[in-house]
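Trainee: Sequence and predicted structure, then a few things I'm wondering about:
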Amino acid sequence: MNHQALKSLNIDWPLFHRQKAMLVAMANDEDRLTSEVEVLDGVINLLDAIQDALEPETETSETPEVTKS
């Protein structure tokens, strides 16, 4: 799939940000095993790359922080 085809994907950016924030929160959980954090970090880095390459520039393009309730 070329870059132009990727740009045509219909990504729900608010949902993307919530999902990424949840993965970041999971990776930051103190009870998580190091091997699990490594896997989550890989997925988070992939999401960062997708976001950098495809998300339209807006003032609110930062991923929101998730807090435990």
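Mentor: The structure has been received and is ready for your questions. Numbers count the residues shown, from 1 in each chain.
Trainee: Any regions of the chain where pLDDT drops low?
Mentor: For the chain, applying pLDDT under 70 flags the ranges 1, 3, 59-69.
Trainee: Tell me where it has helices.
Mentor: In the chain, the helices defined using DSSP state H lie at 3-7, 13-27, 34-54.
Trainee: Grab the most central residue of this protein for me.
Mentor: With distances taken as Cα atoms, centre = their mean, residue 20 lies nearest the centre of the chain, 3.2 Å away.
Trainee: Looks like that one contacts residue 45 (just checking).
Mentor: No. Residue 20 lies out of contact with residue 45 (Cβ atoms under 8 Å); the separation is 10.7 Å. For glycine as for every other residue, the C-beta is placed from the backbone atoms N, C-alpha and C.
Trainee: and residue 44, what does it touch?
Mentor: 20, 23-24, 27 (Cβ atoms under 8 Å, 6 or more residues apart in numbering).
Trainee: redo that, cut-off 10 Å
Mentor: 20-21, 23-24, 26-27, 37, 63 (Cβ atoms under 10 Å, 6 or more residues apart in numbering).
Trainee: With residue 39 instead?
Mentor: 27, 32-33.
Trainee: Sort out which of those residues are buried, if you could.
Mentor: residue 27 (16 or more other Cβ atoms under 10 Å).
Trainee: Send over stretch 20-31 as PDB, restricted to the C-alpha atoms.
Mentor: Extracted in PDB, the C-alpha atoms of stretch 20-31 (Å, rounded to 0.1, in the frame of the first residue of the first chain):
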ATOM      1  CA  LYS A  20      -3.700   5.300  22.100                       C
ATOM      2  CA  ALA A  21      -4.200   7.000  25.400                       C
ATOM      3  CA  MET A  22      -5.500   3.800  26.900                       C
ATOM      4  CA  LEU A  23      -2.500   1.900  25.600                       C
ATOM      5  CA  VAL A  24      -0.100   4.500  27.100                       C
ATOM      6  CA  ALA A  25      -2.000   4.200  30.500                       C
ATOM      7  CA  MET A  26      -1.700   0.400  30.300                       C
ATOM      8  CA  ALA A  27       2.100   0.700  29.600                       C
ATOM      9  CA  ASN A  28       2.500   3.100  32.500                       C
ATOM     10  CA  ASP A  29       0.800   0.700  35.000                       C
ATOM     11  CA  GLU A  30       3.300  -0.200  37.700                       C
ATOM     12  CA  ASP A  31       2.000  -3.700  38.000                       C
END
